[in-house]
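Peer 1: Could you look at this predicted model? Sequence included:
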Amino acid sequence: MPLLLLDLDNTLVDRDAAYRATLSDFLAGHGLPEGDIDWLMSVDASGYTPRPEVARAMRGRYGDRVPRDAVRDLLDRGAADRVVLSGPVRGALARARTAGWTLVIVTNGRTAQQETKIRNTGLDALTHGWVVSEAVGHKKPAPEIFHAAAATVGAGLEGAWVIGDSPQADIAGAAGIGARSVWVSAGRPWTGTAHTPTRTAPRHRLRHLLGRRHPGVRGGRVTSPRRPRSADAAPRRAARPPGRSADRRSTAP
């Protein structure tokens, strides 16, 4: 079965919303200005800023007003105990499995945090496996972490798709292994990096992407993919202009 290699934070779950709620409680608990939440979110950069850098920035801003242990605890826990899996995404994952895809989560981060999110949300039962960068010793976009993901389910990367929100970690990572990709834009414009995604979708359309049927599955049963059309055969329809949405009969994510 072909692979869907799925990012976790801000793709399957809204990590930033959960972390914002955590920060709100942190600020209130230490008598700090509520308005600092935007600064803290900026420093965090959706989890991509290394923890030591975040800790240094917080110590520089708050000094002795916040004990170092409190900062360490905040960064150790992150939003792991607050993330939720939405009903539509939960249903889409179930449909993707039925449609013939093998689902593997590929996430950067600390093993304890990321596995807590996966298990607390029930993603452990909805996917076929996962890899966390800390556990495998490689971070996206390194090809090694994607190969490790494929190995967890005994699959190859041929025909794989990568779905994620990070141009660097996910889309460049997909290009590095020759996979097609979907960028979960969350309303952001594409920044024009070296590698562009095969498709772009806002986060609310993730459930539609995951529900697409793989070409080797019909009526819930696995079949052989259709034979590719000969290069000499005349196309039945004109090529789709850039920016148009995919034909709803498409078998890709």
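Peer 2: Nice, thanks for sending it over.
Peer 1: Isn't Arg15 up against Ala79?
Peer 2: Yes. Between Arg15 and Ala79 there is a contact under Cβ atoms under 8 Å: 5.8 Å. (Glycine included, C-beta is placed from N, CA and C.)
Peer 1: what is in contact with those two at once?
Peer 2: Here Arg15 and Ala79 have Lys117 as joint contacts, going by Cβ atoms under 8 Å, 6 or more residues apart in numbering.
Peer 1: Pull the distance from the helix ranked longest in the chain to the chain's centre.
Peer 2: Assignment by DSSP state H gives helix 15-29 as the longest helix of the chain. Mean-position distance between helix 15-29 and its chain equals 21 Å (Cα atoms, centre = their mean, to the nearest Å).
Peer 1: which other helices and strands contact that helix?
Peer 2: In terms of contacts (3 or more Cβ pairs under 8 Å, 6 or more residues apart in numbering; DSSP states H and E), helix 15-29 is packed against helix 36-44, helix 68-77.
Peer 1: Moving C-terminal from the shortest one, which element do we reach first?
Peer 2: I take that to be helix 36-44. Next in sequence after helix 36-44, counting helices and strands by DSSP states H and E, comes helix 51-62.
Peer 1: That following helix packs against which elements?
Peer 2: helix 36-44, helix 68-77.
Peer 1: so can I have CSV of the helices and strands packed on helix 15-29 showing mean neighbour count, mean pLDDT and distance to Pro167?
Peer 2: Shown next, in CSV, are the helices and strands packed on helix 15-29 (neighbours: other Cβ atoms under 10 Å; pLDDT from 0 to 100; distance: least, Cβ to Cβ, whole Å):
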stretch, mean neighbour count, mean pLDDT, distance to Pro167
helix 36-44, 16, 98, 18
helix 68-77, 14, 95, 25
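Peer 1: what would the ones you listed look like in JSON lines with distance to Val54?
Peer 2: Below are the helices and strands packed on helix 15-29 laid out as JSON lines (distance: least, Cβ to Cβ, whole Å):
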{"stretch": "helix 36-44", "distance to Val54": "6"}
{"stretch": "helix 68-77", "distance to Val54": "6"}
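Peer 1: which residues touch Ile118?
Peer 2: Ile118 makes contacts with Leu8, Ile105, Asp124, Thr127, Trp130, as judged by Cβ under 8 Å, 6+ apart.
Peer 1: per-residue confidence averaged over whichever strand or helix holds the last one?
Peer 2: Secondary structure here is read from DSSP H and E; on that basis Trp130 sits in strand 129-132. Along strand 129-132, the predicted confidence averages to a pLDDT of 98.
Peer 1: which helices and strands does that strand pack with?
Peer 2: The helices and strands touching strand 129-132, judged by 3+ Cβ pairs under 8 Å, 6+ apart, are strand 102-107, helix 111-120, helix 143-152.
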